[in-house]
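# no sequence for this one, just the structure:
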């Protein structure tokens with residue numbers, strides 16, 4: 001009997017750990033977050049290589065093999081400037097940028113450069129969710145956060161990113177919000193890295209608004225509780 005009671009208590013204690021996450025958990029500071037890095041597999045540079053900051057010597061393969069890792073490394077190596085914990089209202093996060101890094105290594109570079117200005121906003125939430133479904137989270141569990149790079153436009157002097165939170169156990173995207181941020185700085189790496197920094201800052205400032213937005217959406221999807229049947233009035237008899 002004692003063993004049964006201990007087993008039940010143990011299951012009760014552990015049950016929150018294995019419960020499926022919801023969008024509400026994204027906004028709870030006590031829920032741990034793993035930073036998964038920046039996914040560049042869907043990225044499009046709008047314009048030619050000669051417009052991107054360092055001349056036509058830059059090739060799509062160099063962007064994948066040199067700059068995708070460089071932009072991810074900046075987030076880890078300069079945490080005060082690229083403040084991921086602040087971007088998700090946490091005191092700290094677990095870093096696992098190799099998760100996105102592995103995906104970036106498989107990027108097909110034949111479509112990196114494009115002349116289609118519409119590619120600046122080419123992704124939808126459904127497309128982002130489909131990309132996340134392809135991930136191998138390498139044993140990481142719980143709530144993950146990443147940026148998904150969408151586009152970089154020298155004409156606009158801006159980049160677009162998606163801030164994404166995912167339940168790594170189910171691969172379900174819980175929150176996905178698109179941002180457009182200005183680029184700027186000296187050199188190719190730094191010029192486009194500014195958009196990463198600004199995306200994290202905007203995530204921090206937008207977090208309270210996103211919390212209300214997703215809470216309202218969840219409330220709208222929750223079916224109303226059935227009304228309790230009225231208690232019949234007691235009959236009184238005349239004496």
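Nice, thanks for sending it over. What you see is a predicted model; the values in this text were computed from it and never measured.
# Relative to residue 59, how far out is the closest residue to residue 169 other than its chain neighbours?
Excluding the flanking residues, the one nearest residue 169 by Cβ to Cβ, 6 or more residues apart in numbering is residue 141, at 5.7 Å. (Glycine included, C-beta is placed from N, CA and C.) Relative to residue 59, residue 141 is positioned 38 Å away (Cβ to Cβ, to the nearest Å).
# what do you get for residue 186?
Residue 186 is 21 Å from residue 59, by Cβ to Cβ.
# need the strands for this structure, in chain order.
With DSSP state E as the criterion, the chain has strands at 33-39, 44-46, 94-95, 113-114, 143-153, 158-167, 172-182.
# Reformat the ones you listed as CSV; add mean neighbour count, distance to residue 66 and mean pLDDT.
Below are these laid out as CSV (neighbours: other Cβ atoms under 10 Å; distance: least, Cβ to Cβ, whole Å; pLDDT from 0 to 100):
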stretch, mean neighbour count, distance to residue 66, mean pLDDT
strand 33-39, 25, 14, 98
strand 44-46, 21, 14, 94
strand 94-95, 14, 21, 98
strand 113-114, 18, 16, 92
strand 143-153, 25, 15, 97
strand 158-167, 24, 17, 98
strand 172-182, 18, 22, 98
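# Mind putting those strands into TSV with distance to residue 25?
Shown next, in TSV, are those (distance: least, Cβ to Cβ, whole Å):
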stretch	distance to residue 25
strand 33-39	10
strand 44-46	32
strand 94-95	16
strand 113-114	37
strand 143-153	6
strand 158-167	8
strand 172-182	7
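# Tell me which of the ones you listed lies nearest to residue 194.
strand 172-182 (6.8 Å; Cβ to Cβ).
# how big is the angle separating that closest one from strand 158-167?
Calculated by axes from the mean of the first three to the mean of the last three Cα atoms, to 10 degrees, strand 172-182 forms an angle of 160 degrees with strand 158-167.
# I'd like the distance from strand 172-182 to the chain centre, please.
Taking Cα atoms, centre = their mean, to the nearest Å, the mean C-alpha location of strand 172-182 is offset from the chain mean by 6 Å.
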